[in-house]
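**Q** Below is the sequence, then the predicted model.
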Amino acid sequence: MFFTYQCLIIVQSSINTVILTPFSMSFGSRMMDSRKEKKLSREELGKMVGTSSAIIGRYERDDMKPSIEISTKIAQALDVSLDFLVGNASLIVKDKGLLDRIEDIVKMPADKKKELLNVIDAYLRDFKTQQAYK
């Protein structure tokens with residue numbers, strides 16, 4: 001069996017971790033992985049979202065699908081986006097400072113944003129070149 005892999009980058013403080021996850025991961029699998037990463041038990045997560053540990057287990061096994069309201073609470077409790085849980089996003093950024101910077105960039109005038117992105121692109125190109133020749 002062949003899987004297409006996507007790169008899931010988790011940024012915590014100054015530590016960068018790259019995790020390869022199958023493209024076909026289900027809601028339940030993503031939820032369970034996120035819960036375990038946060039070192040939460042099913043019971044703890046259930047209390048946070050207002051349900052039982054047994055129901056959390058059924059969500060993780062994909063026996064049941066939570067309502068949109070419960071899904072939103074689960075995403076908030078796990079500090080991930082709802083898009084990530086349902087498989088529409090492959091990137092989790094947990095560095096609040098980085099998220100704040102991205103929000104500030106979005107608010108910039110188009111010409112200033114283009115200048116900044118050109119600088120970022122140059123740094124990224126140089127970094128990738130250095131990595132290729134290591």
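**A** Arrived safely.
**Q** Which secondary structure element is home to Arg35?
**A** Using DSSP states H and E, Arg35 maps to helix 27-37.
**Q** what's the pLDDT at Ser117?
**A** Quick fix: residue 117 is Leu, not Ser. For Leu117, the pLDDT comes out at 94.
**Q** And it, how far from Met108?
**A** Distance of Leu117 to Met108, computed by C-beta to C-beta, to the nearest Å: 10 Å. Bear in mind the C-beta positions are built from the backbone N, C-alpha and C, glycine included.
**Q** do Gly46 as well
**A** On the measure of C-beta to C-beta, Gly46 and Met108 end up 42 Å apart.
**Q** Kindly report the same for Asn118.
**A** 13 Å.
**Q** and Leu85, what is it in contact with?
**A** Counting by C-beta atoms under 8 Å, 6 or more residues apart in numbering, Leu85 touches Phe27, Arg30, Met31, Ser34, Ser71, Ile74, Ala75, Leu78.
**Q** Looking at those residues, which is nearest Phe84?
**A** Arg30 (6.5 Å; C-beta to C-beta).
**Q** Next, count neighbours for that closest one.
**A** Residues within reach of Arg30, counting by other C-beta atoms under 10 Å, total 22.
**Q** Where does the closest residue in space to it that isn't next to it in sequence sit, in terms of helix or strand?
**A** Nearest non-adjacent residue to Arg30, counting by C-beta to C-beta, 6 or more residues apart in numbering: Leu85, 5.3 Å away. Element membership of Leu85, judged by DSSP H and E, is helix 82-86.
**Q** same deal with Asp111?
**A** Short version, using DSSP H and E: Asp111 is in helix 110-132.
**Q** same question, Ala77
**A** Going by DSSP H and E, Ala77 is in helix 68-78.
**Q** what's the answer for Gly57, then?
**A** helix 53-60.
**Q** In that helix, which residues are buried?
**A** Ile55, Ile56, Gly57, Arg58, Tyr59, Glu60 (16 or more other C-beta atoms under 10 Å).
**Q** got it, and stretch 33-50?
**A** The neighbour-count check on stretch 33-50 (16+ other C-beta under 10 Å) flags Asp33, Ser34, Arg35, Glu37, Leu40, Arg42, Leu45, Gly46, Val49 as buried.
**Q** Alright, calling it a day.
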